[in-house]
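Asks: All I have is the shape, not the residue letters:
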């Protein structure tokens, strides 16, 4: 299955969370974990339309590593793999 975001939505593959703390303690899978707040852009929509009907392209592109708001993206699952789908406005920065 291929996912193509619409308008100004982007598909993000979240970075894997560390399962080991800095002091070397391993966290079990059942531990209460926060969602990661960075990931890689997998797909982007064409952009949003302005009032005149012209498409304004997105500033981010496929392959960009980004920081995003913690509670902005929606979680989706495709073939046992988890992704996030978010609006461009939920992206806070591109990591260079």
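Replies: Right, received. Where do you want to start? Fair warning: this is a prediction, and the values are worked out from it, not measured in the lab. Numbers count the residues shown, from 1 in each chain.
Asks: what about residue 96, neighbour count?
Replies: If you count neighbours by other CB atoms under 10 Å, residue 96 ends up with 5. C-beta: built from backbone N, CA, C; applies to glycine.
Asks: And the pLDDT for it?
Replies: Note on residue 96: pLDDT of 90.
Asks: Surely residue 47 touches residue 8?
Replies: Yes: applying CB atoms under 8 Å, one finds residue 47 in contact with residue 8, separated by 5.9 Å.
Asks: Overlap in contacts, the two.
Replies: In terms of CB atoms under 8 Å, 6 or more residues apart in numbering, residue 47 and residue 8 are both contacted by the residues 56, 58.
Asks: With neighbour numbers in mind, choose between the two.
Replies: residue 8 (23 against 15).
Asks: Next, the contact list for the nearest residue to the more buried one once chain neighbours are set aside, please.
Replies: Distances taken as CB to CB, 6 or more residues apart in numbering place residue 48 nearest to residue 8, at 4.1 Å, with adjacent residues excluded. Contact analysis of residue 48 by CB under 8 Å, 6+ apart lists 7, 8, 55, 56, 88.
Asks: what's across from residue 48 in the sheet?
Replies: residue 56 (DSSP bridges).
Asks: how far away is it from residue 84?
Replies: The gap separating residue 48 from residue 84 is 19 Å, by CB to CB, to the nearest Å.
Asks: ok, now residue 23?
Replies: Distance of residue 23 to residue 84, computed by CB to CB: 29 Å.
Asks: Give me the more crowded residue out of the two.
Replies: Each of residue 23 and residue 84 has its neighbours counted (other CB under 10 Å); residue 84 has more, 20 against 5.
Asks: buried set for the particular helix or strand that has the more buried one in it?
Replies: Here residue 84 is covered by strand 81-87, with elements defined by DSSP states H and E. Buried residues in strand 81-87, counted by 16 or more other CB atoms under 10 Å: 83, 84, 85, 86, 87.
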